[in-house]
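1. Kindly generate the corresponding structure for this input.
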Amino acid sequence: MKRDKKIIAMTITDKIVELVDKEAERLALNRSNFVEYVLRKYFGLIPTEGSAKIDDNLINETGGSRQ
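-> Residues are numbered from 1 along each chain as shown. Just a heads-up that it's a prediction; the model follows:
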């Protein structure tokens, strides 16, 4: 039973990483910058000093590419 839960957790993690990578690529961002963008946009995270500066205006929400 424990092994089954571990496999399920690994599968879910793999799917999340796959989705993050896909969306990051669509927006022309690396994984770290994309995660920071999502945290800032949807959860109000304030970028810390030294973090990537991502201009929301450069991200085309519908087309998904940086201009």
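2. in this protein, which helix or strand is least confident?
-> Least confident helix or strand of the chain, by mean pLDDT, DSSP states H and E, is helix 31-43 with a mean of 88.
3. any idea how far E23 lies from V17?
-> Separation of E23 from V17 (CB to CB, to the nearest Å): 11 Å. In this view, the C-beta of every residue, glycine as well, is placed from N, C-alpha and C.
4. Who has more neighbours out of these two?
-> E23 (16 against 11; other CB atoms under 10 Å).
5. The nearest residue to the more buried one once chain neighbours are set aside - how many residues pack around it?
-> What sits nearest to E23 in space, not counting adjacent residues and going by CB to CB, 6 or more residues apart in numbering, is F34, at 6.2 Å. Using other CB under 10 Å, F34 has 22 neighbouring residues.
6. list the contacts for F34?
-> Taking CB atoms under 8 Å, 6 or more residues apart in numbering, we find F34 in contact with 20, 23-24, 27.
7. Just these: which are in helices?
-> 20, 23-24 (DSSP state H).
8. Return the member of those nearest to K2.
-> K2 lies nearest to V20 out of these, by CB to CB, at 26.9 Å.
9. List the contacts of the closest one.
-> 31, 34-35.
10. Okay, now the unreliable bits of the protein?
-> 47-67 (pLDDT under 70).
11. redo that, cut-off 50
-> In the predicted model of the chain, residues 62-63, 65-67 satisfy pLDDT under 50.
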